[in-house]
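Asker: Quick check, what structure comes out for this input:
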Amino acid sequence: METLLLDRLLQIGELFQRDMARAFDGTGLTTARVHLLWVLQHAGPSTQRDLARMCEVTPRNITGLVDGLEESGHVRRTPHPTDRRSVIVELTDTAAQTMERMQQEHTELNDTLLAAVAPEDRAAVERGIAAIASHLEKLVVDALTEAAATEEQAAS
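Answerer: Model prediction:
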């Protein structure tokens with residue numbers, strides 16, 4: 001029986017999860033905490049409300065993540081310059097260095113994975129993966145929109 005593309009994608013996802021768990025074993029960093037650090041690395045200092053939106057989690061969840069990262073020395077909270085009710089979350093210098101190292105490792109892994117593909121096929125593979133990711137994202141958004149509409153109808 002031929003292996004489906006979806007099975008290969010699921011396998012790749014599982015391998016990435018296992019490798020990430022190995023890389024962060026003993027550091028106190030979970031997948032969710034690393035995701036938050038990644039968001040801060042790319043978005044810069046942000047309010048917890050903005051972080052919750054960007055990470056697609058609840059404000060309560062983001063508070064727990066920030067608490068843990070603050071305790072481990074990865075982030076710090078500072079007063080918001082114009083809104084006394086808000087705080088700004090930013091990476092510490094140590095976390096910024098960690099994220100720079102992660103970005104470098106990310107680039108190296110990308111290069112290693114691309115090297116497994118014949119040079120003449122790389123552009124097609126990249127286009128194909130981008131098309132799959134884009135279409136899957138559309139399917140997920142459509143499904144979420146449909147589910148929300150169904151819930152709204154049921155509530156009326």
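
Asker: Longest helix in this protein, by number of residues?
Answerer: helix 122-155 (DSSP state H).

Asker: what mean pLDDT does that helix have?
Answerer: In this model, helix 122-155 carries a mean pLDDT of 92.

Asker: I'd guessed residue 70 sits against residue 77; true?
Answerer: Yes - Residue 70 is within contact range of residue 77, at 6.4 Å (criterion: Cβ atoms under 8 Å). From N, CA and C alone the C-beta is placed, and that goes for glycine too.

Asker: Just give the nearest non-adjacent residue to the residue nearest to the spatial centre of the chain, would you?
Answerer: In the chain, the centroid-proximal residue (Cα atoms, centre = their mean) is residue 35; its distance is 4.1 Å. Residue nearest to residue 35 in three dimensions, not counting chain neighbours: residue 55, with 6.2 Å by Cβ to Cβ, 6 or more residues apart in numbering.

Asker: and the residue nearest to the centre of the chain, what pLDDT?
Answerer: 92.

Asker: Next, work out how far apart it and residue 6 are.
Answerer: 24 Å (Cβ to Cβ, to the nearest Å).

Asker: What is the helix or strand hosting residue 11 packed up against?
Answerer: Taking DSSP states H and E as the definition, residue 11 sits inside helix 5-24. Other helices and strands packing on helix 5-24, by 3 or more Cβ pairs under 8 Å, 6 or more residues apart in numbering; DSSP states H and E, are helix 31-43.

Asker: Would you mark the buried spots in the helix it packs on?
Answerer: By neighbour count on 16 or more other Cβ atoms under 10 Å, the buried set for helix 31-43 is 32-37, 39-41.
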